[in-house]
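Asker: Please work out how this folds:
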Amino acid sequence: MTPVQAPYPANRPRRLRASGALRDLVAETTLSPSDLIWPVFVRDGEGVEEPVASMPGVMRRSIDKVVEAAREAADLGIPAMCLFPYTSAEHRTADCAEAWNPDNLSNRATRAIKAAVPEIAVMTDVALDPYSDTGHDGFVVDGRIVNDATVEALVKQALAQAEAGADILGPSDMMDGRVGAMRGALESAGHWDVAIMSYAAKYASAFYGPFRDAVGASAALKGDKKTYQMDPANSDEALRMVARDLAEGADMVMVKPGLPYLDICRRVKERFGAPTFAYQVSGEYAMIRAAALNGWIDGERAMMESLGCFKRAGCDGILSYFAPAAARLMAAC
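Answerer: A predicted model of the protein is given here:
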């Protein structure tokens with residue numbers, strides 16, 4: 001498309017920037033609470049809201065408080081929450097068996113939310129790192145993360161989450177073949193309507209540190225995750241990973257992290273046209289919050305500008321710890 005423009009002064013682009021009403025009329029990108037998924041950390045206990053030091057404003061919540069958060073999300077028009085468990089040391093084992101325990105934290109929280117706030121979609125994390133004594137997303141054998149045995153465990157975890165009532169499964173492990181294995185198992189078990197949002201392009205990023213604090217994985221992690229998460233230098237590889245996961249049965253795909261990888265978001269959406277999401281990860285959130293708390297930037301404006309960037313890049317939705325604050329701000333406008 002070649003735009004046709006009259007020469008100046010007949011064409012004055014500033015005319016359409018002259019007021020808020022005009023700017024709203026011609027805005028190319030819109031953001032609403034329905035574009036957001038709120039990641040929430042769940043822990044044992046009752047009546048607990050425990051601050052995460054490296055993520056100002058973010059809490060680890062006991063299940064009763066997670067249910068309250070779900071009601072808040074529904075009231076704000078946020079359609080989905082994503083659960084991440086803060087697993088105690090005794091439940092972190094070499095065999096990761098807590099991952100598919102029907103009564104683990106994530107599954108109990110899912111059932112509680114669906115019982116109390118059924119209109120909220122519950123998304124869960126499919127990966128072994130919250131349950132592993134090594135902090136890795138897969139089994140470690142002789143210093144290597146083994147793929148196929150990990151996939152078998154992930155399938156058991158996915159089925160347990162589906163049985164608990166999860167609406168969306170989020171495989172974040174980056175093992176080869178896991179989406180196809182999960183989709184086949186879900187179909188065989190009668191969970192035809194459970195959606196998969198694959199972390200299809202998940203990079204080995206420096207921006208995950210605060211998240212690992214929040215789920216208690218920082219101290220457990222031995223080594224790095226570069227043998228299964230993607231190299232930040234690669235872009236074409238991301239398209240191959242997305243194509244693979246869609247071919248194996250993913251309903252939606254995700255790019256993670258978010259803002260440093262907007263080029264990947266755009267390429268994925270333009271190439272495949274599939275529902276495309278990005279995760280504004282803990283490090284991105286923490287940087288904006290820390291700068292705002294120090295008075296270096298306008299926190300609210302930076303929050304909304306950053307979220308709008310994802311939509312402009314082609315994303316259908318965003319996982320963001322800013323979700324409730326952004327939704328409240330949108331409601332006030």
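
Asker: all contacts plus neighbour counts: C-alpha atoms, from now on.
Answerer: Will do.

Asker: what sits against the nearest residue to A250 once chain neighbours are set aside?
Answerer: Among residues not flanking A250 along the chain, I196 sits closest, at 5.1 Å (CA to CA, 6 or more residues apart in numbering). Each residue near I196 by CA atoms under 8 Å, 6 or more residues apart in numbering is listed here: 168-171, 179, 249-252.

Asker: Scan the residues you listed and report the most crowded one.
Answerer: Highest neighbour count within those: V179, with 28 neighbours (other CA atoms under 10 Å).

Asker: so what's R111 up against?
Answerer: Neighbours of R111 in contact, by CA under 8 Å, 6+ apart: 164-165.

Asker: Just send the contacts of I196 back as CSV, with pLDDT, distance to Q157 and secondary structure too.
Answerer: As requested, the contacts of I196 are exported to CSV (pLDDT from 0 to 100; distance: CA to CA, whole Å; DSSP: H, G, I helix; E, B strand; the rest coil):
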residue, pLDDT, distance to Q157, secondary structure
I168, 98, 13, strand
L169, 98, 10, strand
G170, 98, 11, strand
P171, 98, 10, strand
V179, 98, 13, helix
G249, 97, 17, coil
A250, 97, 17, coil
D251, 97, 19, coil
M252, 98, 19, strand
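
Asker: one step back: how near is the residue nearest to A250 to S62?
Answerer: 26 Å (CA to CA, to the nearest Å).

Asker: ok, now P85?
Answerer: Taken as CA to CA, the span from P85 to S62 is 10 Å.

Asker: any residues in contact with both of the two?
Answerer: In contact with both P85 and S62: 42-43, using CA under 8 Å, 6+ apart.

Asker: Which pLDDT value goes with A219?
Answerer: If you check A219, the pLDDT there is 61.

Asker: ah, wrong one, I meant D133
Answerer: D133 is assigned a pLDDT of 88 by the prediction.

Asker: which residues does A6 contact?
Answerer: By CA under 8 Å, 6+ apart, the contact list for A6 is empty.

Asker: And the helices in this structure?
Answerer: 20-25, 63-76, 105-116, 147-164, 178-188, 209-215, 236-248, 262-272, 282-293, 299-312, 323-332 (DSSP state H).

Asker: Compare the ones you listed and say which comes out lowest on pLDDT.
Answerer: helix 209-215 (a mean of 87).

Asker: Now that one - C-alpha only, PDB.
Answerer: This file holds the C-alpha atoms of helix 209-215, laid out as PDB (Å, rounded to 0.1, in the frame of the first residue of the first chain):
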ATOM      1  CA  GLY A 209      15.900 -13.400  37.500                       C
ATOM      2  CA  PRO A 210      13.100 -11.900  39.600                       C
ATOM      3  CA  PHE A 211      10.700 -14.600  38.500                       C
ATOM      4  CA  ARG A 212      13.100 -17.300  39.700                       C
ATOM      5  CA  ASP A 213      13.200 -15.400  43.100                       C
ATOM      6  CA  ALA A 214       9.400 -15.500  43.100                       C
ATOM      7  CA  VAL A 215       9.100 -19.200  42.600                       C
END
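
Asker: and that helix, how far from the chain's centre?
Answerer: Here the centre of helix 209-215 is set off from its chain's centre by 14 Å, with CA atoms, centre = their mean, to the nearest Å.

Asker: what packs against it?
Answerer: helix 282-293 (3 or more CA pairs under 8 Å, 6 or more residues apart in numbering; DSSP states H and E).

Asker: Perfect, I'm done here.
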